[in-house]
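Trainee: my questions are about this predicted structure, shown below with the sequence.
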Amino acid sequence: MKVVLFALAGCRRGFFAAERANGRFESQARAGDTNQTTEERQPMDVANHQFKLAARPVGLPKATDWHYGESPVAEPGDGEVLVKILYISLDPAMRGWMNDGRSYIAPVAIGEVMRALAAGQVVASNHPGLAAGDYVTGLLGVQEYAIANGNAVMKVDPQLAPLPVYLGTLGMPGMTAYFGLLDIGRPSEGDTVVVSGAAGAVGGVVGQIAKLKGCRVVGIAGRSAKCRHVVEELGFDAAIDYQAEDVASALHEHCPGGIDVYFDNVGGDILDAALAHLARSARVIICGAISQYNAVDGMRGPSNYMSLLVNHASMTGFVVSDYGDRYAEGAREMAEWLGAGKLKSREDVAEGFDTFPDTLLRLFKGENTGKLVLKVAGD
C-alpha cells in the first residue's frame, strides 16, 4: 500500500482539477460525440448508456427526474482519453448538484449526463501520459463510457488498492475527512470529537483519524448495526443511535466535558443538539446536511447558534476542492495509514448500471454503511 502514495502524491487531478470559470466549476467529461462535429469525432460501434437529468427534483429524486438513454461512443480528440466506466461513486453532494441555484459548483443542466465521480479503464488515448489499459478516476458522469481531458483524470493502480477505495478513503470522501478535521477542527490529544453520519464514507474516516490523533471519539449514526460497526470495527469510543436514543441526553452522557470538535454531515436537529453541548473554544465543521437535502419546505437552520458566542466557539463550512493544492499531502498520509493497518476502508458496492436511481436513494434513506459505490462493469 505504501506505493499508492507515489501514484497520488504529485497529483491534484480528478475532482480537484476541475477548472474554475467565474467561480464555477466546469465539467471534465463529455459523453458520446458532444461538442464536436462528426468529421472531428468519429463514432465507434458501441452504445453508451447514460442517465441524464430530466427535471429538477422536489424532495427525493424520483423516476421521472431521470432520462435513461444511449448515445454512440466516439473516439477521443487530441489530449483526451476514452474511459470505460467500471465504478460510479454515489455521494450526498450529488443531490445538491441537481438544484438550480448558486453554489460552489455549477448545477447539472436539464438534459445533461448526471455528474458523478467514477473509476474506469482507458480504452483509447490521445494523451501522452495515459495508455489504453490504464485505470483512472475523475468526474466521468453516470454513464458507461466517457471522453475526458487526460489532464483531468487521475491514474490509479488497482493492484495496490481496489478501485472503489480510490473513490472512498483515497478519493474525495477521504480527503474531505482529512482536511476538514485536521485543518478546520484542529484536534488535540485528549479532545472529545463528535461526528454525525459516523457510518458513512466521510464520517467513518473522520472518527478514525481523530483516534489516531489521540482523541476521544463519539459517533452518531442510525440503527444499532451501524453503531456497532463504528465502535467494534472502526474503533470509536462510543456511538449514539439517533433513531433509538435521545441525542441530547446521550451527548450529555458521553461528552461530560463538552464537545471540542463537532464534524457535521447531517444538519437539522442533530446539529442543534451538538451546538448545545459545545466546550469552550469548540470548533464546528460544516461538511454536509444530508437530513436537509430533500426538504420541500426549505432547509432548517440551527436554533442553538448562540452557543457559539457563549462558548467562544467557531463554525466553519468548507468544500474539499478548497484543498486541491494540498491533495498530495492528504493522499500521502492516508495511504501510509492504510498500508500500516491504522485506517480501515469500507465500501458498500451495489451492482447494475440500471439500478442507479434506486441505489442513489439508499444514501438518503440511511441504507449504506461506508462508501456507496455502483459497479457498472467488471474489471
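Mentor: Thanks, I have the structure now.
Trainee: can you tell me the element the residue nearest the centre of the chain falls in?
Mentor: Geometric centre of the chain, nearest residue: residue 173, 4.0 Å, by CA atoms, centre = their mean. Assigned by DSSP states H and E, residue 173 belongs to helix 172-179.
Trainee: hang on, isn't the residue nearest to the centre of the chain packed against residue 201?
Mentor: Yes - contact criterion CB atoms under 8 Å: residue 173 and residue 201 qualify, at 3.8 Å. All C-beta spots, glycine's among them, are computed from the backbone N, C-alpha and C.
Trainee: rewinding a little: for the residue nearest to the centre of the chain, report the pLDDT, please.
Mentor: According to the predicted model, the pLDDT of residue 173 comes to 96.
Trainee: with residue 24 instead?
Mentor: If you check residue 24, the pLDDT there is 30.
Trainee: residue 207 now?
Mentor: Per the predicted model, pLDDT is 98 at residue 207.
Trainee: a helix runs through it, doesn't it?
Mentor: Yes - counting by DSSP: H, G, I helix; E, B strand; the rest coil, one finds residue 207 located in a helix.
Trainee: that one and residue 343, how far apart?
Mentor: Distance of residue 207 to residue 343, computed by CB to CB, to the nearest Å: 11 Å.
Trainee: between those two, which is the more surrounded one?
Mentor: More crowded of residue 207 and residue 343, by other CB atoms under 10 Å: residue 207, with 29 against 23.
Trainee: list the contacts of the more buried one.
Mentor: Shown in contact with residue 207 (CB atoms under 8 Å, 6 or more residues apart in numbering): 193, 195, 198, 217, 219, 230, 234-236.
Trainee: so where's the protein shaky on pLDDT?
Mentor: Counting by pLDDT under 70, the chain shows low-confidence ranges at 1-44, 379.
Trainee: the domain parsing of it - what is it?
Mentor: 4-168+346-375, 172-321 (automatic domain parsing).
Trainee: residue contacts, residue 287?
Mentor: Residue 287 sits next to 176, 180, 202, 263-265, 317-318 when contact means CB under 8 Å, 6+ apart.
Trainee: and for residue 314?
Mentor: With contacts defined as CB under 8 Å, 6+ apart, residue 314 is in contact with 282-284, 308.
Trainee: can I get those residues in TSV with neighbour count, distance to residue 94 and secondary structure?
Mentor: Listed next are these as TSV, based on neighbours: other CB atoms under 10 Å; distance: CB to CB, whole Å; DSSP: H, G, I helix; E, B strand; the rest coil:
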residue	neighbour count	distance to residue 94	secondary structure
282	25	30	strand
283	22	27	strand
284	25	24	strand
308	16	30	helix
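Trainee: next, give me the two most distant ones among the residues you listed.
Mentor: Across those, the longest distance by CB to CB is 10.3 Å; it joins 283 and 308.
Trainee: of the contacts of residue 287, buried ones?
Mentor: Buried members of those, counted by 16 or more other CB atoms under 10 Å: 176, 180, 202, 263-265, 318.
Trainee: mind checking which of these are in strands?
Mentor: Judged by DSSP state E, those include 263-264 as members of strands.
Trainee: which among the buried ones among the contacts of residue 287 gets closest to residue 103?
Mentor: Set against residue 103, the nearest of those by CB to CB is residue 318 (13.5 Å).
Trainee: and stretch 229-236, how far out from the chain middle?
Mentor: Here stretch 229-236 is found 20 Å from its chain centre; the criterion is CA atoms, centre = their mean, to the nearest Å.
Trainee: show me which positions of that stretch end up buried.
Mentor: Neighbour-count burial for stretch 229-236 [16+ other CB under 10 Å]: 229-231, 234-236.
Trainee: in the stretch 201-350 of the chain, which spans are helices?
Mentor: Assigned by DSSP state H, counting those that start in this stretch, the helices in the stretch 201-350 of the chain fall at 201-212, 224-228, 247-254, 268-275, 306-310, 327-339.
Trainee: and the fourth one, what other elements does it pack with?
Mentor: This means helix 268-275. If you count contacts as 3 or more CB pairs under 8 Å, 6 or more residues apart in numbering; DSSP states H and E, helix 268-275 packs onto strand 192-196, helix 247-254, strand 259-264.
Trainee: check the offset of it from the chain's centre.
Mentor: Using CA atoms, centre = their mean, the offset of helix 268-275 from its chain centre is 22 Å.
Trainee: buried sites along that helix?
Mentor: 268, 270-275.
Trainee: likewise the second one?
Mentor: Under the neighbour-count criterion of 16+ other CB under 10 Å, helix 224-228 has 226-227 buried.
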